[in-house]
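> Quick one: sequence plus predicted model below, questions after.
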Amino acid sequence: MMSATGDLRVTTFEPLPAPRELRDELPLGQGREDAVELARTSIDRVISGHDDRLVVVVGPCSVHDPVAALDYARRLAARAAELDGELLVVMRVYFEKPRSTGGWKGLINDPGLDGSHRVADGLRLARRTLVDVIDTGLAVGCEFLEPTSPQFIADAVAWGAIGARTTESQIHRQMASGLSMPVGFKNGMDGDVGVALDGCTVAAQEQVFFGVDADGRASVVSTTGNPSAHLILRGGKSGPNFDSASVATAAERSRAAGHAPRVVVDASHANSGKDHVRQAEVVELLAGQVAAGEPIGALMMESFIEPGRQDLGDDGPAGLVYGQSITDACIGWDETSRLLGVLADAVARRRATAG
Ligand SMILES: O=C[C@H](O)[C@H](O)COP(=O)(O)O
Ligand SMILES: C=C(OP(=O)(O)O)C(=O)O
């Protein structure tokens, strides 16, 4: 029965496959599940201060071309293997983009990059990409944005993020309370760290909320709470917040609120004004802070094969430069590889000082 008063502004409802269908189509299997589980535990141990390595979440601002993402993953996996005594490298494999005023919302929402919004294909492509990246030997990090998307892909994800635009959202905090991996909350867009700490506190609690189950049925979801929620410093409208004093204050506030004693620092976004050249300078400064023993458990870098960014123009995907970001500007591969070496060296210096 159609209602005369409901759904007046909805144009279509298009059914999606059930999460279980997609997971059965592209199963992880025991080997990959073991790898995801080990990566989650290891990341948690680093951020909680029980492992003296540094987690580095590094990769494109967004995945728009799975072939280029996998090409990048193979390069990163080889470099990560060389540095694994000091660094625990997690590839940023972001499929969902929160936008400030509009634009392409990521590979899941619009895999054709053309406004066709073939979301079922996007979910399938995202899951395929995650499986392929795990097969390179890397762990994967994603931002979770759509409240039901984790049911389709989260079993493959070792680290999750709640972004600056949603860190105050009850929906996302509840979602994080049920996610199976360590989840970082970014400080707010204005730079407020308190809202991210509140996010960690809500995520750590048991929650009851609306969601879907593995069969895609609307469900009441009850969660245990996520004990591994932690803080990500990404700068804000008032400027960067990766300096020593900001890191020390944030880490102390996190510890005092019962969360991790170490923070994640995002070298991109408002910590570098989205300028990839500045981002590399910020990574170098952070390496010095890591070497000095500051409470930094992880660092985030936006990096792809080619430096910089490009606009998705009228020619669509066909007109794009291979391996270059279509969202925020990224550090190119050669510079990324060098910076990973600098960070590994910083960890070695920290260890030498700690004796
Ligand atoms: O990381 C990506 C972007 O910073 C985020 O999605 C916002 O982008 P926008 O301000 O270009 O919309
Ligand atoms: C959107 C992102 O960052 P932020 O939430 O910090 O703007 C991101 O990391 O892709």
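Sure thing, it's come through. Ligands and ions are numbered 1, 2, ... in the order given.
> Around ligand 1, which positions in the stretch 51-200 of the chain sit nearby?
Within the stretch 51-200 of the chain, the positions adjacent to ligand 1 are Cys61, Lys97, Pro98, Arg99, Ser100, Gly103 by Cβ under 6 Å from any ligand atom. No exception for glycine: its C-beta is placed from N, CA and C like everyone else's.
> Select the longest helix from the chain.
Longest helix of the chain, by residue count under DSSP state H: helix 333-354.
> Would you indicate which residues of that helix are buried?
Within helix 333-354, the residues scored as buried using 16 or more other Cβ atoms under 10 Å are 333, 335-337, 339-344, 346-347, 349-350.
> go on, stretch 267-275?
Buried-residue list, stretch 267-275, by 16+ other Cβ under 10 Å: Ala267, Ser268, His269, Ala270, Asn271, Ser272, Lys274.
> With stretch 33-40 instead?
Those would be Ala35, Val36, Ala39, Arg40, for stretch 33-40 by 16+ other Cβ under 10 Å.
> Contacts only, for the residue of the stretch 151-300 of the chain found nearest ligand 2.
Nearest residue of the stretch 151-300 of the chain to ligand 2: Gly163, at 3.0 Å (Cβ to the nearest ligand atom). For Gly163, the contact set (Cβ atoms under 8 Å, 6 or more residues apart in numbering) comprises Pro98, Glu143, Leu145, Lys186.
> Close to ligand 2: what parts of the stretch 101-250 of the chain are there?
So far as Cβ under 6 Å from any ligand atom goes, the stretch 101-250 of the chain lies against ligand 2 at Glu143, Gly163, Ala164, Arg165, Lys186, Arg234.
> Was I right to think the first one contacts Ile162?
When you say that, I think you mean Glu143. Yes: between Glu143 and Ile162 there is a contact under Cβ atoms under 8 Å: 7.3 Å.
> Those two: which has the busier surroundings?
Ile162 (28 against 23; other Cβ atoms under 10 Å).
> partners of the more buried one in the sheet?
Phe185 (DSSP bridges).
> got a list of what it touches?
Per Cβ under 8 Å, 6+ apart, neighbours of Ile162: Glu143, Phe144, Ser169, His172, Arg173, Met175, Ala176, Val183, Gly184, Phe185, Lys186, Gly199.
> With Arg75 as the reference, measure out to Ser337.
Distance from Ser337 to Arg75, counting by Cβ to Cβ, to the nearest Å: 7 Å.
> for Glu96, same thing?
Taking Cβ to Cβ as the measure, Glu96 falls 24 Å from Arg75.
> And these two? Which one has more around it.
Glu96 (20 against 15).
> pLDDT weak spots in this structure?
1 (pLDDT under 70).
> Helices of that one, residue ranges please.
19-25, 29-47, 66-82, 119-135, 150-153, 170-178, 194-204, 244-256, 276-291, 333-354.
> Dump the fifth one to CSV, restricted to CA.
What follows is helix 150-153, C-alpha atoms only, in CSV (Å, rounded to 0.1, in the frame of the first residue of the first chain):
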residue,chain,number,x,y,z
PRO,A,150,30.8,-3.1,7.9
GLN,A,151,28.6,-6.1,7.5
PHE,A,152,29.9,-6.5,4.0
ILE,A,153,33.6,-5.9,4.5
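> name the helices or strands packed onto that helix?
The contact analysis (3 or more Cβ pairs under 8 Å, 6 or more residues apart in numbering; DSSP states H and E) places helix 150-153 against helix 19-25, helix 119-135.
> Please list the residues outside stretch 319-330 that contact it.
60-62, 64-65, 68, 71-72, 97, 103-104, 113, 268-269, 274-276, 279, 302-313, 333.
> Distance across it, terminal residue to terminal residue?
Using Cα to Cα, to the nearest Å, one end of stretch 319-330 lies 19 Å from the other.
> mind listing what's buried in that stretch?
Buried, per 16+ other Cβ under 10 Å, within stretch 319-330: Leu320, Gly323, Gln324, Ser325, Ile326, Thr327, Asp328, Ala329, Cys330.
> Same check on stretch 71-89?
Buried, per 16+ other Cβ under 10 Å, within stretch 71-89: Asp71, Tyr72, Ala73, Leu76, Ala77, Arg79, Ala80, Leu83, Glu86, Leu87, Leu88, Val89.
> rewinding a little: and the helices and strands packed on helix 150-153, which is most packed in?
Comparing the helices and strands packed on helix 150-153 by mean neighbour count (mean count of other Cβ atoms under 10 Å), helix 119-135 comes out on top with a mean of 20.
> Which strands and helices lie in contact with that helix?
With contacts defined as 3+ Cβ pairs under 8 Å, 6+ apart, helix 119-135 has these neighbours: helix 19-25, helix 29-47, helix 66-82, strand 139-143, helix 150-153.
> The same query, at a cut-off of 6 Å, please.
Secondary-structure packing of helix 119-135 (3 or more Cβ pairs under 6 Å, 6 or more residues apart in numbering; DSSP states H and E): helix 66-82, helix 150-153.
> What is the burial count for Gln205?
Neighbour tally, Gln205, other Cβ under 10 Å: 14.
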